[in-house]
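A.B. asks: just need the structure, nothing else, for what follows:
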Amino acid sequence: SDLDGTREPVVIQGTAPRAIAVWRDGDGFAIGTLDAAGGVHLVRTTAAAAVRGRASAAATQPATEIASTPEGLLILRADQALELVDAAGAQLAHLAPEPGTRIDSLVARAGRVLALIQEDKQLHGRWVVVRGGARWGDTTPPLPFAIAHAVLSPSGDALAVSRPGNLHPALIDLANGTASKAPLCVSKQWPHDNGDDSVSE
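C.D. replies: Numbering: from 1, shown residues only. I've put the predicted structure just below:
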């Protein structure tokens with residue numbers, strides 16, 4: 001159910017995560033966590049949050065980021081490999097960036113994943129298509145500036161981004177790579193350290 005107060009919260013024991021991702025797993029849920037050492041841990045639950053299984057995603061490289069998708073957990077490794085694993089930790093797909101490029105970060109929302117990729121001091125986005133595995137999709141135009149933190153719009157056509165050393169975030173149109181001239185107005189705490197990316201009215 002949604003976090004609307006109709007059900008009591010349920011505590012699920014695990015290591016303190018530096019990142020967490022949740023996705024549907026049959027009639028229940030799967031929870032992926034990233035620990036401080038770069039380990040990825042998975043917990044499968046029923047719809048009522050009873051634990052029905054635990055696993056770890058095996059790897060030779062520590063993870064730096066995780067993102068949930070409808071088909072599993074996408075993991076960015078320290079060696080720049082992207083892996084898609086299922087709720088039991090089994091690898092479903094493996095991707096690597098093009099030579100001469102580096103994946104800066106992953107931005108995910110509503111089943112869509114955009115990898116922000118650095119190439120020759122220029123940043124652009126590249127979609128990760130997760131359907132029957134994972135493959136590289138379309139590339140965005142070059143993005144106009146360095147990005148410290150990004151949130152994908154619900155429609156997937158824009159990024160709200162914060163820039164290093166700049167208080168106000170900007171909105172980037174992903175179709176043409178341009179930033180809106182009017183800055184977004186937010187509280188001084190955006191982006192929030194607690195992971196809340198909502199914008200103050």
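A.B. asks: look up how far residue 129 lies from the most centrally placed residue in the chain.
C.D. replies: In the chain, the centroid-proximal residue (C-alpha atoms, centre = their mean) is residue 67; its distance is 3.5 Å. Here the criterion is C-beta to C-beta, to the nearest Å. By it, residue 67 lies 13 Å from residue 129. All C-beta atoms are positioned from the backbone trio N, CA, C, and that covers glycine.
A.B. asks: helix, strand or coil for residue 166?
C.D. replies: Of the three states, residue 166 takes coil according to DSSP: H, G, I helix; E, B strand; the rest coil.
A.B. asks: kindly report the same for residue 36.
C.D. replies: The local conformation at residue 36, judged by three-state DSSP, is coil.
A.B. asks: got a pLDDT number for the closest residue to it other than its chain neighbours?
C.D. replies: Distances taken as C-beta to C-beta, 6 or more residues apart in numbering put residue 18 closest to residue 36, at 5.6 Å, once the chain neighbours are dropped. The confidence metric pLDDT takes the value 88 at residue 18.
A.B. asks: surely residue 18 touches residue 35?
C.D. replies: Yes: counting by C-beta atoms under 8 Å, residue 35 is a contact partner of residue 18 at 6.6 Å.
A.B. asks: about what we covered before: strand partners (parallel or antiparallel) of the helix or strand harbouring the residue nearest to the centre of the chain?
C.D. replies: For residue 67, the host element (DSSP states H and E) is strand 63-69. Sheet neighbours of strand 63-69, with direction, are listed as strand 72-77 (antiparallel) (DSSP bridges).
A.B. asks: CA atoms only for the partner strand, dumped as CSV, please.
C.D. replies: The C-alpha trace of strand 72-77 is given here as CSV (Å, rounded to 0.1, in the frame of the first residue of the first chain):
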residue,chain,number,x,y,z
GLY,A,72,15.2,-6.0,-10.9
LEU,A,73,18.0,-3.9,-9.4
LEU,A,74,20.4,-2.0,-11.5
ILE,A,75,23.8,-1.8,-9.9
LEU,A,76,26.7,0.6,-10.9
ARG,A,77,30.0,-0.9,-10.0
